[in-house]
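A.B. asks: predicted model, plus sequence, below.
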Amino acid sequence: MHNRARYLIFFQYIGTKYRGAVKVPPHQLGKKGVQDHLEDAIQRLRPVNPVSLSVSSRTDTGVHALSNSAHFDLQRKNDKLPFTEDILVQALNFHLGTEQIRITRAHRVPYDFHARFRAQSRTYVYRIALGISHHSLLPLTDWDLCWSLRNTELNVDAMHEAASLLVGTHDFSTFRAVNSDLPFKNPVKTMDVITIQQGNSFAYAHFRREIPFWELTFTSKSFLYKQVRRMTGALVAVGQGLLSVPQLKKILEARDSLAYPQGMAAPAHGLFLTRVDYRDTDLQLSPQLSEELLTSTRNSKD
């Protein structure tokens, strides 16, 4: 139908008040997932079709995103032409109201596009603040947005050595937490990038006390459940001298989630999903749809 369109949206959120990125089952009371609020906003556009969002990356409760993505179909009433991308972004952000969720951009994509399965890579950044004896010493701009450690320094050279063991293709069974998807997920993943570099407080230019920050960056096509938090926790333990590089190698080679030291995983609130990347060719519309989009854009300006 000429008034039906599939959209890819990119969105950001502060995950503190949400139970993860995806929809929460109706029987579970309390916090909603980010998807619940996005679908509510889309529903306010009064589409003909049922609203169903497919989220590319299922972040956990308390994890944040600077750029997650999802696709959905939208058919307007009364043969109205599809929304332009800019109008869609503005309308959804308006209906999201005071929620800590914002659409950053939208693309009209082919009808066979899938936000999750067409993603070529995902990048996560984990933020760590050092020398924090009590969380009240953090500026408000970093509250619940980093992992604060009492350590005033970490052995970063040892962390780099440990990270090099995790780069490449491995069975990461040790670094996944147990969940309902366990029997269906292949534990073999390829870590394209792991970097450890100095970062900053979000208020570093205005906060009177200098706080050392470090950022751990992980890029892969996909990740296992809580894999990034478990890898971060292990790398930080190496930096603290609580775990040696050979011990981390042994843990990796065990290929057993029970081999991961209890209580070592990094907390959710320091983790950010920062990128979901796609091939440009996968986002390109057919000539017919491109012409329809051009017509829709012209009409919206009349």
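C.D. replies: Noted; the coordinates are in hand. Residues are numbered from 1 along each chain as shown.
A.B. asks: what about the strands in the protein?
C.D. replies: 4-13, 54-55, 64-75, 101-109, 121-129, 147-148, 168-171, 188-199, 213-220, 271-277 (DSSP state E).
A.B. asks: note down every partner strand of the last one and its orientation.
C.D. replies: Strand partners for strand 271-277, identified by DSSP bridges, are recorded as strand 64-75 (parallel), strand 121-129 (antiparallel).
A.B. asks: residues touching it, excluding its own?
C.D. replies: 10, 56-57, 59, 63-69, 115, 119-127, 217, 219, 228-229, 232 (C-beta atoms under 8 Å, 6 or more residues apart in numbering). (Each C-beta comes from the backbone N, C-alpha and C, glycine too.)
A.B. asks: you'd agree Leu166 is up against Arg230?
C.D. replies: No. Leu166 is beyond contact range of Arg230, at 10.5 Å (criterion: C-beta atoms under 8 Å).
A.B. asks: who has more neighbours out of the two?
C.D. replies: More crowded of Leu166 and Arg230, by other C-beta atoms under 10 Å: Arg230, with 23 against 20.
A.B. asks: excluding its backbone neighbours, what's nearest the more buried one?
C.D. replies: Excluding its sequence neighbours, the residue lying closest to Arg230 (C-beta to C-beta, 6 or more residues apart in numbering) is Phe175, at 4.3 Å.
A.B. asks: so that neighbour makes contact with Tyr260?
C.D. replies: Yes. At 6.7 Å, Phe175 counts as touching Tyr260 under the criterion of C-beta under 8 Å.
A.B. asks: mutual contacts of the two, please.
C.D. replies: In contact with both Phe175 and Tyr260: 230, 234, using C-beta under 8 Å, 6+ apart.
A.B. asks: which one of those two has more residues nearby?
C.D. replies: Phe175 (29 against 21).
A.B. asks: now do the contacts for the more buried one.
C.D. replies: 224, 226-227, 230-231, 234, 252, 257, 260.
A.B. asks: widest-spaced pair of the residues you listed?
C.D. replies: Lys226 and Leu252 (15.4 Å; C-beta to C-beta).
A.B. asks: tell me, how many neighbours does Ile87 end up with?
C.D. replies: Counted with other C-beta under 10 Å, Ile87 comes out at 15.
A.B. asks: what does the pLDDT read for it?
C.D. replies: Ile87 carries a pLDDT value of 97.
A.B. asks: same thing with the one 5 residues further on?
C.D. replies: Per-residue confidence at Leu92 stands at 98 (pLDDT).
A.B. asks: do the same with Leu182
C.D. replies: For Leu182, pLDDT reads 63.
A.B. asks: show me the shaky parts of this protein.
C.D. replies: Where the chain drops to pLDDT under 70, the residues are 1-2, 180-184, 287-302.
A.B. asks: domains in it, as residue ranges please.
C.D. replies: Domains of the chain are assigned by the TED database as 4-117, 122-275.
A.B. asks: so what's Gln247 up against?
C.D. replies: For Gln247, counting by C-beta under 8 Å, 6+ apart, there are no contacting residues.
A.B. asks: cutoff 10 Å now
C.D. replies: 162, 234, 237-238, 261 (C-beta atoms under 10 Å, 6 or more residues apart in numbering).
A.B. asks: just send the residues you listed back as CSV, with neighbour count and distance to Lys17 too.
C.D. replies: Listed next are those as CSV, based on neighbours: other C-beta atoms under 10 Å; distance: C-beta to C-beta, whole Å:
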residue, neighbour count, distance to Lys17
Ala162, 27, 34
Ala234, 28, 28
Ala237, 19, 29
Val238, 24, 33
Pro261, 15, 30
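A.B. asks: quick check, nearest of these to Phe94?
C.D. replies: For the contacts of Gln247, the nearest to Phe94 is Ala234 (43.1 Å; C-beta to C-beta).
A.B. asks: now distance to Gln284 too, for the domains of the chain, in a markdown table please.
C.D. replies: Compiled in a markdown table, those are given as follows (distance: least, C-beta to C-beta, whole Å):
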| stretch | distance to Gln284 |
| --- | --- |
| domain 4-117 | 7 |
| domain 122-275 | 20 |
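A.B. asks: which one of those domains lies closest to Leu283?
C.D. replies: Of the domains of the chain, nearest to Leu283 by C-beta to C-beta is domain 4-117, at 5.5 Å.
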